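Participant: structure here, sequence nowhere to be found:
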């Protein structure tokens, strides 16, 4: 009886510990650098940086294009967290090997706010204020100088690929869209628009995945969970503030990590809930934050 009781207490304690554990690492980017920080050893007055990459290290990219990689907006861990997919609203998308910091792919894509890797090593980019018109674009890692496909999307700010659904979701100023892949094994791949949903309010800023069935969306005045199969937006209970610019949510642990606009759309602070915490990163104008490993 005592052994059973002890086992039950141990299981409960382990479960509670997992719910309060701070995410292992966080990726933040802004200005011209990407940082991976340790949130457990960082706070409002001190930050522990575990890994860093600066635009000045991008020697593989011609100098004429390096200036367009500023400021950096988003950095996602991909491929079992061995690579980083980086976008810049200045004008570019970079695929970086984390260990060696070798650039595996670069495309000059003006006002690129978000990107995702699709099958066959193809990269989709959500663009805002593009010279050819606001768009979603597809590039191939082997031919980065050529745009393979373009579809109009006003003020694209988010791109998420859900492999379980074999579907792409992109966020614009007013809408959320889903795409399937068409002619994907050819030299002329296409994105087939499946559905479009108007946002509850305008101002889409960020799109992240909760699960294969749920997405998390920030817009100018609110944060929403979008239930894909049920096709409805539900108010996200943990953060209900205007000007949240990026957000991550772990459904299992209930961890929330986010940034919000504080200085002309940018910030120096990462906010966390469950447990509550602030991490100040001086000298870097942040926009989006991502959890690492994903």
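Facilitator: Looks like it arrived, so ask away. On a predicted model such as this, the values are computed, not experimentally measured, just so you know.
Participant: the worst-scoring helix or strand of the chain on mean pLDDT: what's the following helix or strand?
Facilitator: Taking mean pLDDT, DSSP states H and E as the measure, the helix or strand of the chain with the lowest value is helix 2-20, at a mean of 42. With elements assigned by DSSP states H and E, the helix or strand that comes after helix 2-20 is strand 25-30.
Participant: the stretch 151-294 of the chain: strands as residue ranges?
Facilitator: 158-162, 167-171, 175-182, 190-198, 206-209, 214-219, 222-227, 232-235, 244-250, 255-260, 269-273, 277-280, 286-292 (DSSP state E, counting those that start in this stretch).
Participant: want to try CSV for these, with mean neighbour count as columns?
Facilitator: Where C-beta positions appear, they are placed from N, C-alpha and C, glycine not excepted. Output for the strands of the stretch 151-294 of the chain, formatted as CSV (neighbours: other CB atoms under 10 Å):
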stretch, mean neighbour count
strand 158-162, 22
strand 167-171, 24
strand 175-182, 18
strand 190-198, 15
strand 206-209, 23
strand 214-219, 24
strand 222-227, 19
strand 232-235, 14
strand 244-250, 22
strand 255-260, 23
strand 269-273, 18
strand 277-280, 16
strand 286-292, 23
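Participant: in JSON lines, list those strands along with distance to residue 50 and mean pLDDT.
Facilitator: Formatted as JSON lines, the strands of the stretch 151-294 of the chain follow (distance: least, CB to CB, whole Å; pLDDT from 0 to 100):
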{"stretch": "strand 158-162", "distance to residue 50": "26", "mean pLDDT": "97"}
{"stretch": "strand 167-171", "distance to residue 50": "30", "mean pLDDT": "98"}
{"stretch": "strand 175-182", "distance to residue 50": "34", "mean pLDDT": "97"}
{"stretch": "strand 190-198", "distance to residue 50": "36", "mean pLDDT": "96"}
{"stretch": "strand 206-209", "distance to residue 50": "22", "mean pLDDT": "96"}
{"stretch": "strand 214-219", "distance to residue 50": "25", "mean pLDDT": "95"}
{"stretch": "strand 222-227", "distance to residue 50": "28", "mean pLDDT": "95"}
{"stretch": "strand 232-235", "distance to residue 50": "35", "mean pLDDT": "96"}
{"stretch": "strand 244-250", "distance to residue 50": "18", "mean pLDDT": "93"}
{"stretch": "strand 255-260", "distance to residue 50": "16", "mean pLDDT": "94"}
{"stretch": "strand 269-273", "distance to residue 50": "14", "mean pLDDT": "95"}
{"stretch": "strand 277-280", "distance to residue 50": "13", "mean pLDDT": "96"}
{"stretch": "strand 286-292", "distance to residue 50": "9", "mean pLDDT": "92"}
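Participant: among those, which is nearest residue 56?
Facilitator: strand 286-292 (18.9 Å; CB to CB).
Participant: just the angle for that closest one relative to strand 158-162, thanks.
Facilitator: 20 degrees (axes from the mean of the first three to the mean of the last three CA atoms, to 10 degrees).
Participant: what's in contact with strand 286-292?
Facilitator: Outside strand 286-292, the residues within contact range by CB atoms under 8 Å, 6 or more residues apart in numbering are 23-30, 36, 71-77, 81, 206, 208, 245-246, 248, 250, 255, 257-259, 265-270.
Participant: again, but for stretch 117-124
Facilitator: Contacts of stretch 117-124 (CB under 8 Å, 6+ apart): 78-79, 85, 93, 95, 105, 107, 115-116, 136-142, 148, 159, 161, 168, 170, 181, 184-185, 189, 191.
Participant: could you identify the buried members of those residues?
Facilitator: Buried by 16 or more other CB atoms under 10 Å: 78, 85, 93, 95, 105, 107, 115-116, 136-140, 148, 159, 161, 168, 170, 181, 184, 189, 191, out of those.
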